[in-house]
Each structure stands twice: as C-alpha cells, then as structure tokens.
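Chemist: Okay, structure incoming, though there's no sequence with it:
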C-alpha cells in the first residue's frame, strides 16, 4: 500500500515501448485501458504462448489493490488456466488464489 507512482513512472520512462511487456507498463500508468491491454496481449506470442494470461495476472493484481476480489479471482483463474506452469505469473496466480481462499475474501491485501 505504498504510493510509488512517481518512482514507477520514472523507471517506466526508460522502457522500450515497442516490445512486450510495454503494454502492461502503459496500462499500469493509465495510458491504455483494460480492453486495449487485452487486445495487445492476445496479439503477442512469446515461446509459443499468447500473453493474455500474463496480462490477466497484472490485471488481477490491480483488482486486488482496488479491493475487487471477485474480478481479481477471475483474473487469477484465467492466469492459472492459460499460463505455463513454470511461469512466474502462473505461480503468482496460484499463490494469490490460495491466499484469497484462505482469507475467504474477508480482507483486501
């Protein structure tokens, strides 16, 4: 719950905006909307996989921060279903789903 928007924006200024995962950074900065992020992610393929599951993970993180546990759960379930098991997003989604199930959604992070 630390406000690091200025620091994030400063680091994001040096990101190569022509390659993935730049659209995620742009979304986190509020420069593109969720639908645009999902469209861009669906068009990018890395190691034989579309990046929609990666985008879903970061959308889930945002939803958690907003306290939207239902949407976050859906995003993490999408990540778990679509990402490779060895990916950090898959592992993060599994951990978040376990945490949400344990807390019964009683409190946001």
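Modeler: Arrived safely, thanks for sending. Everything numeric in this text was worked out from a predicted model, so none of it was measured. Residues are numbered from 1 along each chain as shown.
Chemist: which stretches of the chain form helices?
Modeler: Counting by DSSP state H, the segments of the chain that form helices are 5-12, 22-28, 34-43, 52-66, 69-82, 88-103.
Chemist: Can you get me the start-to-end distance on stretch 57-74?
Modeler: As for stretch 57-74, its first-to-last residue distance stands at 10 Å under the measure C-alpha to C-alpha, to the nearest Å.
Chemist: before we move on, the earlier item: how about JSON lines for the helices of the chain, with mean pLDDT and mean neighbour count added?
Modeler: In this view, the C-beta of every residue, glycine as well, is placed from N, C-alpha and C. Rendered in JSON lines, the data for these read as follows (pLDDT from 0 to 100; neighbours: other C-beta atoms under 10 Å):
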{"stretch": "helix 5-12", "mean pLDDT": "89", "mean neighbour count": "11"}
{"stretch": "helix 22-28", "mean pLDDT": "93", "mean neighbour count": "20"}
{"stretch": "helix 34-43", "mean pLDDT": "95", "mean neighbour count": "15"}
{"stretch": "helix 52-66", "mean pLDDT": "95", "mean neighbour count": "21"}
{"stretch": "helix 69-82", "mean pLDDT": "97", "mean neighbour count": "19"}
{"stretch": "helix 88-103", "mean pLDDT": "96", "mean neighbour count": "16"}
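Chemist: what's the distance between residue 79 and residue 31?
Modeler: The gap separating residue 79 from residue 31 is 23 Å, by C-beta to C-beta, to the nearest Å.
Chemist: again but with residue 85, I slipped
Modeler: Distance from residue 85 to residue 31, counting by C-beta to C-beta: 32 Å.
Chemist: just residue 14 next, same as before
Modeler: Residue 14 sits 15 Å away from residue 31, taking C-beta to C-beta as the criterion.
Chemist: With that, I have no additional questions.
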